[in-house]
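**Student:** A structural model of the following input is requested.
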Amino acid sequence: MTRLLHLSDLHFGTVTPGLIARLRESVARLRPDLVAISGDLTQRATSAQFAEAAALIAEFGCPVLTVPGNHDTPLWNLWERLAHPWRRYRRAITTDLAPVWNGPGAVVAGINTANPLAWKQGRITGAQLDHLARSFADAGPRARVVVMHHPLEHLPGEKEWLMQGADQALRRLPELGAQIVLSGHVHVSHAGPFTKAPGLLFVQAGTGLSTRTRTERNAFNLLVLSPAEAEVTTFVAQETGHYSETGSRRFALAQP
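**Tutor:** Numbers count the residues shown, from 1 in each chain. Predicted structure coming up:
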């Protein structure tokens, strides 16, 4: 079994007061093998905001895999956005924009779907899909998980543009062995098969810490993975500030 805690959209700079300690306590209590953060660690990609995010990550006491989001590149400094979009992220968080975690029960591979040339809309490329294919090539019976910021499919009622390359990715990901895709961006929790790729599990996390909530309070997911199955549990912050379990679902994982 692999315990994978899925966080997203922390948006340091707009953090709900009191939640950082509660989130830290939740991670300690749930004891994940890995924390995966699917982008938007900051609100405006300032050095101070990245320092706050890095401090929290250091306190988790377990391996952490992160990918950037569209908020993690400077918005107002056009020169830096175009010339060095990930410099502050690399300095504070990690130099690896395509990280891979190889655990005894799972392989988790991240890609950077944020596009510095566009503010919100992401992109996924053939080269990134090739990287995922290589990452999963020797996974064997282990669960195979992809982490990206932008969702490959929108939930009903979502009006944002779908990212470039999403259709190609949904065709290729099952072929290269992916079983689960973790994403964020829209601040809404979800777990279920993709409609265009029913054998691929779509897991989306809400905003873990930010005041920028939409239809739910701050939330994160816990995935318990076996070679054949994934159990997804969502935890939502209550009025007391504590994150409480709101329900679990089990999904069979597609086998090669």
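
**Student:** now the helices for the stretch 1-150 of the chain?
**Tutor:** 19-30, 47-59, 78-83, 87-92, 126-136 (DSSP state H, counting those that start in this stretch).

**Student:** please identify the buried residues of the longest one?
**Tutor:** With burial defined by 16 or more other Cβ atoms under 10 Å, the residues of helix 47-59 counted as buried are 49-50, 52-54, 56-57. The C-beta positions use only the backbone N, C-alpha and C, and glycine is treated the same way.

**Student:** host element of F235?
**Tutor:** Per DSSP states H and E, F235 falls inside strand 229-237.

**Student:** list of residues touching the very next helix or strand once past that strand?
**Tutor:** Downstream of strand 229-237, the first helix or strand assigned by DSSP H and E is strand 243-252. For strand 243-252, contacts defined as Cβ atoms under 8 Å, 6 or more residues apart in numbering pick out 22-23, 26, 191-193, 201, 218-220, 228-238.

**Student:** which of the residues you listed are buried? Put it as a ChimeraX command.
**Tutor:** Command for ChimeraX, covering only those of the contacts of strand 243-252 found buried under the criterion 16+ other Cβ under 10 Å:
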select :22,23,26,191,201,218,219,220,230,231,232,233,234,235,236,237
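
**Student:** could I get the helices of the stretch 1-150 of the chain as TSV with mean pLDDT?
**Tutor:** As requested, the helices of the stretch 1-150 of the chain are exported to TSV (pLDDT from 0 to 100):
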stretch	mean pLDDT
helix 19-30	96
helix 47-59	97
helix 78-83	71
helix 87-92	96
helix 126-136	97
